[in-house]
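Q: pasting a predicted model and its sequence here:
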Amino acid sequence: MQADGNKGKTLFTADFGDGASVLGDGWFLEGKGTADIQDGKLALQENGEGIVLWLKQDFPSDMRLEFDLTFGNDRGIGVFFFAARGGGGEDILQAVPPRDGAYGQYTRGALDCYGLSLHRFYPDGRHNAGSNLRRNSGFHLVNHVEPDPVQETGKTYRVQIEKQGARIRVWTDGALTHDWTDDGSFGAPLEGGKIGFRLRSDPSCIMYLDNITVVTLNAER
């Protein structure tokens, strides 16, 4: 099953082909590491407890995030946050305590979000099978699938994350891998907010992103 064409207005797009720095007005990097352009792709590399690269703008509740995803080796994990706001609806980059990349600050701290994990390798190369969808704050595991849909090193995958109301769906290379509806067990379903790209890895691992787009979704049909 492939993501349908239920798309509206384009809110953000970046293909990094011009080699421009991503750390400009539209982006914010947390943690010890780098975010730069390598061969026309956004390359994230960390040297601490993880990095998160946020898009500064807020996105609506009904949206689809799409991007190409490639891992340079099997020494890291990618986590993709969306609908991120403070527990009281605050802007997470201006009105909540700053973060330094440590995972607990994103999963049990002062921000609420959904988080999708892919390519789940520990920095020492051990594989943690499958892919998780979590609701934060609280680190609540709400959906788990196996096998890991982004397991192969060096392969570029097309990832689509769709949030429409309380329903979240994820496609990888056109195959539906997550389909979960937030029933309110951990509070009212989250609305709109920020999008962040997280890498936790050995310093040798680079996570590449390209052809990022965010679009609104039309009403449910």
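A: The structure has been received and is ready for your questions. Note that the structure is a prediction, hence the values are computed from the model and not measured.

Q: what stretches of the protein score poorly on pLDDT?
A: 1-5, 18-24, 219-221 (pLDDT under 70).

Q: okay, helices next: where are they in it?
A: 104-107 (DSSP state H).

Q: give me the most central residue, it.
A: Phe80 (1.5 Å; C-alpha atoms, centre = their mean).

Q: excluding its backbone neighbours, what's nearest it?
A: Leu116 (4.7 Å; C-beta to C-beta, 6 or more residues apart in numbering). For the C-beta atoms, the positions are set from N, CA and C on the backbone; glycine is no exception.

Q: ok, that neighbour to Ala95 distance?
A: For Leu116, the distance to Ala95 equals 25 Å [C-beta to C-beta, to the nearest Å].

Q: neighbour-wise, which of those two wins?
A: Set Leu116 next to Ala95 and count neighbours by other C-beta atoms under 10 Å: Leu116 wins out with 21 against 12.

Q: picking that back up, wait, isn't the residue nearest to Phe80 in contact with Ser131?
A: Yes: here Leu116 lies in contact with Ser131, judged by C-beta atoms under 8 Å, at a distance of 7.1 Å.

Q: list residues touching both of the two?
A: 170, 178 (C-beta atoms under 8 Å, 6 or more residues apart in numbering).

Q: residues touching the residue nearest to Gly31 when sequence neighbours are not counted, list them.
A: Once flanking residues are discounted, Gly31 sits nearest to Gly101: 2.4 Å by C-beta to C-beta, 6+ apart. Applying C-beta under 8 Å, 6+ apart, we find Gly101 in contact with 30-33, 46, 48-52.

Q: can you check Phe16 too?
A: 22, 37, 40-42, 210.
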